[in-house]
Structures are given as structure tokens and as C-alpha cells.
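Trainee: okay, sequence plus prediction incoming.
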Amino acid sequence: MDIVQEFPCASQIGKIMLDGVHDIVGQTGVNAISSLVTFPLSAGFTQANREKIAFSEVSAIQGVLEAMYGRRGGQGIALRAGRASSSLIFRKFGQRMGLNNLDYRLLPTPTRIKAGLEALAKMFSELCCEPFLATEDGEAWIWQVLTRPVCWQRQSEGSVCYFIVGLLQEFVSTISGGKIYNIVETECLADGAESCTFRIYKQALE
């Protein structure tokens, strides 16, 4: 099967993820990761003619991080890479998502977080041509990934999408004016769930 045909995801997502990893482990680390996978990370995510990449390529990054640095070490790097990638999303897509509009910035914090998560889900859905959902209940804002952009073809006991957890941590902190919220992946496709579900608890941490 052509890897580009296998649940394609826009190349911008893979490039943002790889840039976040690069910020944490440097080019030497990226080169080491690239040597352990079947496609060249340094080139594969940046080629101008590469309009789509497969979810399996995005998923491979975190799997290799865990192989190189151990499960906990790789998860920690993925978490930090997600945080670093959030700033890239603001620079590249902030205007498109309406996050720079004065009307948006003047919204009450809870409304601003909800609208921001909805805008992020819409942007990812458009780039990946797959559904991302943002909802809420009385306790938390809920962000769901209905396919596998980070854990595609992985099987694990427990959650593995630490990159997205880190991305959401920094994203919500930025749009809330620096507040910190507890974010937990409560369900993961790699663990047999129907979606990867992230709960952003509404009570900010002290």
C-alpha cells in the first residue's frame, strides 16, 4: 500500500511535530531518530512536493522516541515537543483560526478556551481530512481525535498520545493568559478505545 494513501494527514502537521521534536533533541537527535525508521524524517516532512504524509509516519516518531529514550523518557520528550509545537501553530495558523482577533482576545477566559479548542479542532480536521471534535461537559472541555495521527497502528496498555497532551497544555495556557490546566488523555485508540479523548479540566491549577 502506498504510504501516502494510508489515512493521509496534511504535511504541515508532520512538519510541526518534527519541528517540535527538533526543538527538544536538536538535529543530532532528529538524525538518530531518522536512522531508526524506514523513511527519512529530515527530508520526508519537508519536501515541497510532499503534500500528504501518512498517519503511520507521524505515529512512528513517538514510537522511536520511546525506543531510544525508554518509555518514560520518550513520553517526556513527546510531551515537551508538543508544547514546543503549540507556538508553531500560533505563528502559522493563529490568524486563520481567529486567535489574533481583538474580539476573541476580549472574551471571558472560559469562553475563550472553548472557542480556541473548537478552532483548533476545525483546523486539524481541515488539514487531515479527518474528524477532530471539541465539546464540553460540566467538569471539563473535551478534545477528541477520531483517527490515529499520533498512535496509528500502535497497541498499548494505557494512553500514548503525549505529543497532543503537551500541545494542548501549551495551547490552553497561551489562550488563557498563562493559566495552567490539568489535561489527561482518558481514552486512547492504541488501548482499544473508539477515540483518543483528552479532558481539559475547567478548574485552573493554583
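Mentor: On my side now, so go ahead. What you see is a predicted model; the values in this text were computed from it and never measured. Residues are numbered from 1 along each chain as shown.
Trainee: contacts only, for the residue positioned nearest the centre of the chain.
Mentor: In the chain, the centroid-proximal residue (C-alpha atoms, centre = their mean) is I164; its distance is 3.4 Å. The contact partners of I164, by C-beta atoms under 8 Å, 6 or more residues apart in numbering, come to G82, V145, V150, E185, C196, F198. In short, each C-beta sits where N, CA and C put it, glycine included.
Trainee: which SS state does the closest residue in space to G63 that isn't next to it in sequence fall under?
Mentor: Leaving aside its chain neighbours, G63 sits nearest to R154 (6.4 Å; criterion: C-beta to C-beta, 6 or more residues apart in numbering). Three-state call for R154 (DSSP: H, G, I helix; E, B strand; the rest coil): coil.
Trainee: quick one: the helices in the protein, in order.
Mentor: Using DSSP state H, the helices of the chain run over 11-35, 41-44, 55-69, 71-97, 102-105, 109-128, 162-175.
Trainee: give the buried residues for the fourth one.
Mentor: Read it as helix 71-97. 74-90, 93-94, 97 (16 or more other C-beta atoms under 10 Å).
Trainee: mean neighbour count, the helices of the chain: which tops it?
Mentor: helix 162-175 (a mean of 24; mean count of other C-beta atoms under 10 Å).
Trainee: starting at the chain centroid, how far to it?
Mentor: With C-alpha atoms, centre = their mean, to the nearest Å as the basis, helix 162-175 stands 8 Å off its chain's centre.
Trainee: angle of that helix against helix 11-35?
Mentor: 130 degrees (axes from the mean of the first three to the mean of the last three C-alpha atoms, to 10 degrees).
Trainee: OK, contacts around V165?
Mentor: Residues near V165 by C-beta under 8 Å, 6+ apart: L79, G82, I183, V184, E185, F198.
Trainee: need the helix or strand of the chain with the lowest average pLDDT.
Mentor: helix 41-44 (a mean of 52; mean pLDDT, DSSP states H and E).
Trainee: now do K92 against I16, distance only.
Mentor: As judged by C-beta to C-beta, to the nearest Å, K92 and I16 stand 7 Å apart.
Trainee: among the helices of the chain, which is nearest D137?
Mentor: Among the helices of the chain, helix 109-128 comes nearest to D137, with 11.7 Å by C-beta to C-beta.
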